[in-house]
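Chemist: Next come a sequence and a model predicted from it.
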Amino acid sequence: MSEKSQDNEPMEISTSIEKSKMLPSKPKSGMFGCCGRKDKVVPYQEMYISPKVFSLSINCLRFAVFVDAIAGTIEQPNYPIMVLPRGSPGSHPDSFPDTGGLGFSAATYFVPMSALLGVAIASLVIGILSDKWGRKPCLMLCLYGTVIGCILKFLFRFAFWPYCAFNFLNGLVSASVPVALAYAGDVYETKREKDNEIGILVGVSMLGSSGGGIIAILMETQGLFTPLLVGAAFVAVAAILCTRFIIEPKDIIASRNREKEKELELADGSAADNEDSADGLQPPKTLNKKNFAIIVLGALGDNVGSAGLMPLCLSPLAFNAFYSDFAARGEDPIMSQVAYKWISVLVALMVVPGTIVSPGIYNKLGLAGGCILGNVITGIVTIVLLYLALIRPATNVNFGIFVGLLYLCFPMTVISQLSTGPMLEAITPPHMRGMAQGANITVMNFGAAVSPFILGFISDVAGTPVAIWICIAISFGAGLINVPLMFVKGCCIPPKAKTDDKRPLRGEDKELVERALRGEWVPAKDLEELNEDRFNKGQPYLVIHPRKYQDEKDDLLNLRRRAKDDFLYHRNKTKEYLAKINTTEDLAALCEQANQSMAGANEDEVKDIGRELGEWFAEYIADSGYSPQTDSVLIKQAILSAFPVVNKEKELKPDNVERVLLDTERTYSRLLELEGYDEKGQTIRSILSNAQSAMLQQTL
């Protein structure tokens, strides 16, 4: 593939069919047939050409996901209050008159369940439609539909069942997240970029959930349902912005072409300059149904298990322990209604540190490993919180520890939830992204909808601790479900990324670089020219591990024969460097650039190379007739003689660079003498031979 296409230039469209889909018809005359048009490229091409247009489209997408999450959760802190029958202790004037025969816990979870069931259906249907119709039309449907849904819920706020019915209808158009995740998979090129953006979108959605709750608390004096109008206004703004600025990737043709190019690069090795290509991952052509089922089933278990932590541990467990029980006895509660709302809302902000630490965990454990870790931590934290809330009598100390532990550990519990989107992206072909992300969101929302209601019903019948223990078992089970994914490419522990000092870069001789990195001999001239080119571009030198002695001991004679030419080249090159420092105007900058290029990317690896070289030398002298056990001092002296000190300061500086180069040149000159070389092109052996002949003639 051409260098131009690798630098994110506009792509060439390979077929006339694709051209007819993407380019305007009947262009006016001019260069390339389009000069004189007001728009020379179609919007999706402009998105790839202009970083500004790309960023604007992505930021509008993030904002849409954020405000859609706000609108979906803007009533969440009010659920326990609105289902308390109007006039009962702790109720609000806006509370429903009754809950249609449901108990407190069941009614508390039935309200969000009605919306989540709608979201579950919409995620799959709209996700599939976005694969066919495009991402932007489906996103617009979700946003404008949410505006209407929020208004309808506000109008039917006076009774429990009508409100829940319109909550369900609102959910049927609330599928912005799966569409946004598929959009991210379309417009980003590398796996790393896609994973990062998917994590950002999921994190933004979780933050939006917190923002909705904050608005509800701040507007408490205006009523329980007034925040719905604010949510509608926010989403309306997002819908207008997205209508104007979000760019549809034109039936995903652009993205697919880019990924086809990536496959070709990986096949012919021309993608050497792309650090993400080092893992060899290619977009899959088919969906592995087994792995897909494991991911989705694990996500379902994760969602159900997490319900034990949030919301069950907070409501009804903590709500009853620190508020309702006190209110029923006519005592001042430890936790007020306002405190409960703030705790339940602000805990969602803990997703931010979770989002920050998750990439590091995924890099070390892999996506599947991070998912397993998150599920295990969720189960353990839930057990501890359960026992804290059951301590009687409830005290301020117990309450403080409960809240502190919840906030401290919650970031680690979201790691598992953040991993699902990237895992699906790794196993899903581009043309099925909307379906895969939609199916996952569908299953997750179905679990999030049904499980709290069922668990709430269990809490009313058998007690909250029983329901929470069920969730704990499911959390550990979800971790076990994900174990097979530890061996799936893209979900397993990622291979260590190759830094620039350990891989070929664009324009370099790939075969030569790989030979050098294997520790094989390459001409000193070729290697030095390669490193000098890297130096001029501000890139690191190659970091080369030595071959093991046993692997090359049979080739040492050839290595020795090549030494003279290599020593001579390096000595002459050192003279060039001396000339360069004599003429440079900024010697300090030159030294700093040299230090950066020569420094290894990893100090431990540099030490390992030194150790490996020492092992090579020890095996060589033992195999060459020397006796280190009796001649160790003599061997040290030989080393000191062969390798005199050239720079004790480790780095090059303006005040030492000349001396370092002179000492280096002198060292190469001495090595050349050992190889029988002199400046006139005669060997030392021939000189000694001639001298000996002259002496013999005089004697005779």
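Modeler: The structure has been received and is ready for your questions.
Chemist: When you work out contacts or count neighbours from here on, use the C-alpha atoms and nothing else.
Modeler: OK.
Chemist: Now do the SS call for Tyr541.
Modeler: Following DSSP: H, G, I helix; E, B strand; the rest coil, the label given to Tyr541 is coil.
Chemist: Can you check what pLDDT the model gives it?
Modeler: For Tyr541, the pLDDT comes out at 77.
Chemist: Does it touch Ala594 like I think?
Modeler: No - when contacts are counted by Cα atoms under 8 Å, Tyr541 is not listed as touching Ala594 (9.4 Å).
Chemist: Need the overlap of contacts for these two.
Modeler: Taking Cα atoms under 8 Å, 6 or more residues apart in numbering as the contact rule, Tyr541 and Ala594 both touch Phe535.
Chemist: So which of these two has more stuff around it?
Modeler: Neighbours were tallied for Tyr541 and for Ala594 using other Cα atoms under 10 Å; the higher tally belongs to Tyr541 (24 against 21).
Chemist: shaky segments in the stretch 601-700 of the chain?
Modeler: 601, 676-700 (pLDDT under 70).
Chemist: tell me the centre residue of the protein?
Modeler: Nearest to the mean C-alpha position of the chain, counting by Cα atoms, centre = their mean, stands Asn196 at 4.0 Å.
Chemist: Not counting sequence-adjacent ones, nearest residue to Met432?
Modeler: Excluding its sequence neighbours, the residue lying closest to Met432 (Cα to Cα, 6 or more residues apart in numbering) is Asp131, at 6.7 Å.
Chemist: So for the host helix or strand of the one you found, mean pLDDT?
Modeler: Per DSSP states H and E, Asp131 falls inside helix 104-133. Averaging the model's pLDDT scores along helix 104-133 yields 84.
Chemist: Let me know the next secondary structure element after it.
Modeler: Scanning the chain past helix 104-133 towards its C-terminal end, the next helix or strand to appear is helix 135-155 (assignment: DSSP H and E).
Chemist: Can you mark which positions in that following helix are buried?
Modeler: Residues of helix 135-155 classed as buried: 135-136, 138-147, 149-154 (neighbour count, 16 or more other Cα atoms under 10 Å).
Chemist: OK, contacts around Ala524?
Modeler: Taking Cα under 8 Å, 6+ apart as the definition of contact, the neighbours of Ala524 are 566, 569-570.
Chemist: Repeat the analysis, applying 6 Å as the threshold.
Modeler: Taking Cα atoms under 6 Å, 6 or more residues apart in numbering as the criterion, Ala524 is in contact with Asp566.
Chemist: That one and Ala563: what is the separation?
Modeler: Ala524 sits at a distance of 9 Å from Ala563 (criterion: Cα to Cα, to the nearest Å).
Chemist: Find the residues that touch each one of those two.
Modeler: Common neighbours of Ala524 and Ala563 are not found (criterion: Cα under 6 Å, 6+ apart).
Chemist: Which residue, other than its chain neighbours, is closest to Tyr340?
Modeler: In space, and not counting its chain neighbours, Tyr340 is closest to Phe319: 7.2 Å by Cα to Cα, 6+ apart.
Chemist: Helix or strand: which one has that neighbour?
Modeler: Of the helices and strands defined by DSSP H and E, Phe319 is found in helix 319.
Chemist: do the same with Ile458
Modeler: Ile458 belongs to helix 433-462 when elements are defined using DSSP H and E.
Chemist: Dump stretch 590-599 to PDB, keeping only the CA atoms.
Modeler: What follows is stretch 590-599, C-alpha atoms only, in PDB (Å, rounded to 0.1, in the frame of the first residue of the first chain):
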ATOM      1  CA  LEU A 590      23.100  17.300  19.100                       C
ATOM      2  CA  CYS A 591      24.300  15.500  22.200                       C
ATOM      3  CA  GLU A 592      20.700  15.400  23.600                       C
ATOM      4  CA  GLN A 593      19.400  14.000  20.400                       C
ATOM      5  CA  ALA A 594      22.100  11.300  20.300                       C
ATOM      6  CA  ASN A 595      21.400  10.400  24.000                       C
ATOM      7  CA  GLN A 596      17.700   9.900  23.200                       C
ATOM      8  CA  SER A 597      18.400   7.800  20.200                       C
ATOM      9  CA  MET A 598      20.900   5.500  22.000                       C
ATOM     10  CA  ALA A 599      18.800   5.100  25.100                       C
END
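Chemist: Could you tell me which residues within it count as buried?
Modeler: Within stretch 590-599, the residues scored as buried using 16+ other Cα under 10 Å are 590-591, 593-599.
Chemist: Over to stretch 552-567?
Modeler: Counting neighbours by 16+ other Cα under 10 Å, one finds that the buried residues in stretch 552-567 are 563-564, 566-567.
Chemist: Look at Met113 and say how many residues are nearby.
Modeler: The number of residues packed around Met113, counting by other Cα under 10 Å, is 26.
Chemist: can you pull the contacts of it?
Modeler: Shown in contact with Met113 (Cα under 6 Å, 6+ apart): Ala449.
Chemist: one more time with 10 Å
Modeler: The neighbours of Met113, taking Cα atoms under 10 Å, 6 or more residues apart in numbering as the test, are 106-107, 119, 164, 167-168, 171, 445-453.
Chemist: and what of Leu613?
Modeler: Applying Cα under 10 Å, 6+ apart as the definition, the contact partners of Leu613 turn out to be 545-549, 607, 619.
Chemist: Please report how far Gly145 lies from Ala622.
Modeler: Counting by Cα to Cα, the gap between Gly145 and Ala622 amounts to 80 Å.
Chemist: quick revisit: which of the contacts of Leu613 sits closest to Ile401?
Modeler: The shortest separation between Ile401 and any of the contacts of Leu613 is 46.0 Å, and it belongs to Lys607 (by Cα to Cα).
Chemist: tell me the phi and psi of that closest one?
Modeler: Recorded main-chain torsions at Lys607 are phi -60, psi -40, according to degrees, to the nearest 10.
Chemist: That one and Leu517: what is the separation?
Modeler: Taken as Cα to Cα, the span from Lys607 to Leu517 is 17 Å.
Chemist: remind me which residues of this structure are low pLDDT?
Modeler: In the predicted model of the chain, residues 1-42, 44-45, 250-282, 496-509, 600-601, 676-700 satisfy pLDDT under 70.
Chemist: quick one: contacts for the closest residue to Phe110 other than its chain neighbours?
Modeler: The shortest distance from Phe110 to any non-neighbouring residue, by Cα to Cα, 6+ apart, is to Phe453 (5.7 Å). Contacts for Phe453 were tallied using Cα under 10 Å, 6+ apart; they are 105-114, 447, 459.
Chemist: Report the two of these separated the most.
Modeler: Using Cα to Cα, the contacts of Phe453 reach their maximum pairwise distance at Ser114 and Ser459, which is 19.2 Å.
Chemist: what's the angle from the helix or strand harbouring Ser416 to helix 433-462?
Modeler: Assessed by DSSP H and E, Ser416 sits inside helix 415-427. With axes from the mean of the first three to the mean of the last three Cα atoms, to 10 degrees defining the directions, helix 415-427 sits at 150 degrees from helix 433-462.
Chemist: Just the element for Tyr471, please.
Modeler: Tyr isn't right for residue 471; it's Cys. For Cys471, the enclosing helix or strand under DSSP H and E is helix 464-481.
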